[in-house]
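S.K.: 3D model of this:
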Amino acid sequence: MKAVICPQYGPPEVLQLQEVAKPIPKDRQILVKIVATTVNSGDARVRSLRIAGFMKVIMRLVLGISKPRQPILGTTFSGIVEAVGDKVSKFKVGDNVFGMTGFKFGTHAEYIAVDQNSHVLEMPKNATYEEAAAIIFGGHTATYFLEKAKIAEKPTKKILIIGATGSVGTAAIQIAKHYQADITAVCSSRGQKLVGELGVTSIILYDKEDFTNRAEKFDIIFDAVGAFNRKKCAALLSENGIYKSVNEYASETIHQLELLKELFEKGAFKATIDRTFKMAEIVEAHRYVDEGRKKGNVVLKISG
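M.R.: Below is the predicted model of the structure:
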């Protein structure tokens, strides 16, 4: 099968399209023919190891000292179950599924074998493969941090979302709306239209105003791009207000996928897709993500 290999840390040009062995599913695994995946900021960060300070040492220990331990990157997938192991009971051949692999990576390939009890579900019935792949990364990340901020339990839910137009930011808006939060979004003038289309009316344009000088208070501040810290935003927090940033790992759970599937099928969550690249265009896809200007998600079409 074809797969995108990352043989060393570096710029997008280190990525290579190669033939590798097709995985064989074990007893409790399903073999998924991947139709779509995504290239997100996390993929670009792993490829480049563009991480500051002591975290770079930590990431080398986690990902591989001199090169990625798992050379096939990618953490999200949607596709079709092509084969199942002898002890698989949750899925059957032909099922449309979507899922995420976290630090196991491996989705920038034509096939992947995953355990039936891992983070994989049947796709939302009304989603295309591209949409199903696109809602995962931002959706699970936003859900993780907003639940850590106890958004469901807050008696008042006035929330500030910093970096509202990326994969995580656009998802955070939609998850916060699910919890009926009063949302203020921070984005650039270029992103104003997109944020407005997601239903946000209170928008602060960071290229025209320093939002940290605002006098209003928020129950939750969510930095969806990791560009700030709690100290810089402290004056904006209400008493018992909670600050969360993507500058920590958002662990994956099946509950996150279940919530995204439910919301998508109800029409309460939509995929925000900026561009779609073919598998052979993986270098161009990473270059585009590296620019830091994408809106929503970049999809990588593998087959179909």
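
S.K.: which of the residues in the least confident helix or strand in the chain by mean pLDDT are buried?
M.R.: Ranked by mean pLDDT, DSSP states H and E, the weakest helix or strand in the chain is helix 54-63, scoring a mean of 83. Buried residues in helix 54-63, defined by neighbour count with 16 or more other CB atoms under 10 Å: Met59, Arg60, Leu63. Just so you know, the C-beta spots here come from the backbone N, C-alpha and C atoms, and that holds for glycine as well.

S.K.: Please report how far the second one lies from Thr101.
M.R.: It stands for Arg60. Distance, Arg60 to Thr101, by CB to CB, to the nearest Å: 20 Å.

S.K.: With the first one instead?
M.R.: If you measure Met59 against Thr101 using CB to CB, the figure is 17 Å.

S.K.: just Leu257 next, same as before
M.R.: Taken as CB to CB, the span from Leu257 to Thr101 is 12 Å.

S.K.: and if you look at Ala152?
M.R.: From Ala152 to Thr101 the distance is 27 Å (CB to CB).

S.K.: Check Arg275 too.
M.R.: Per CB to CB, Arg275 is found 22 Å from Thr101.

S.K.: more crowded one of these two?
M.R.: Using other CB atoms under 10 Å, the more surrounded residue of Arg275 and Thr101 is Thr101, with 21 against 17.

S.K.: For the more buried one, list the residues it contacts.
M.R.: With contact taken as CB atoms under 8 Å, 6 or more residues apart in numbering, Thr101 is in contact with Gly74, Thr75, Thr76, Phe77, Thr107, Ile112, Val114, Ser118, His119.

S.K.: between those residues, which is nearest Thr201?
M.R.: Thr76 (30.6 Å; CB to CB).

S.K.: Okay, now the unreliable bits of the stretch 1-150 of the chain?
M.R.: Counting by pLDDT under 70, the stretch 1-150 of the chain shows no low-confidence range.

S.K.: Give the buried residues for the helix or strand that contains Ile203.
M.R.: Using DSSP states H and E, Ile203 maps to strand 202-205. For strand 202-205, burial by neighbour count (16+ other CB under 10 Å) applies to Ile203, Ile204, Leu205.

S.K.: Closest one to Ala185 out of the residues you listed, please.
M.R.: Closest to Ala185, out of all of the buried residues of strand 202-205 and judged by CB to CB, is Ile203, at 5.2 Å.

S.K.: partner residues bridging the closest one?
M.R.: As for beta bridges, Ile203 partners with Ala185 under DSSP bridges.

S.K.: pLDDT score for it?
M.R.: Looking at Ile203, its pLDDT stands at 97.

S.K.: residues making contact with the strand holding Ile203?
M.R.: The list of residues contacting strand 202-205 from outside it, by CB under 8 Å, 6+ apart, reads 164, 182-189, 192, 195-196, 211, 214.

S.K.: make it 7 Å
M.R.: Residues from elsewhere that reach strand 202-205, judged by CB atoms under 7 Å, 6 or more residues apart in numbering: Ile183, Thr184, Ala185, Val186, Cys187, Ser188, Ser189, Gln192, Val195, Gly196, Phe211.

S.K.: continuing past that strand, what's the next helix or strand?
M.R.: Next along from strand 202-205, by DSSP H and E: strand 218-223.

S.K.: now for that following strand, which elements pack on it?
M.R.: Secondary-structure packing of strand 218-223 (3 or more CB pairs under 7 Å, 6 or more residues apart in numbering; DSSP states H and E): strand 158-162, strand 237-245.

S.K.: tell me how far stretch 19-31 is from the chain's mean position?
M.R.: 24 Å (CA atoms, centre = their mean, to the nearest Å).

S.K.: One more: stretch 79-92?
M.R.: That offset, for stretch 79-92, works out to 25 Å (CA atoms, centre = their mean).

S.K.: Send me that stretch as CSV with only the CA atoms.
M.R.: Only the C-alpha atoms of stretch 79-92 are listed here, as CSV (Å, rounded to 0.1, in the frame of the first residue of the first chain):
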residue,chain,number,x,y,z
GLY,A,79,-13.1,5.0,5.6
ILE,A,80,-14.5,1.6,4.9
VAL,A,81,-14.0,-1.6,6.9
GLU,A,82,-12.4,-4.0,4.4
ALA,A,83,-11.7,-6.9,6.7
VAL,A,84,-12.2,-7.9,10.4
GLY,A,85,-10.4,-10.2,12.8
ASP,A,86,-11.9,-13.5,14.0
LYS,A,87,-13.0,-12.0,17.3
VAL,A,88,-14.5,-8.7,16.1
SER,A,89,-18.1,-8.2,17.1
LYS,A,90,-18.7,-4.4,16.8
PHE,A,91,-18.0,-3.9,13.1
LYS,A,92,-18.6,-5.7,9.8
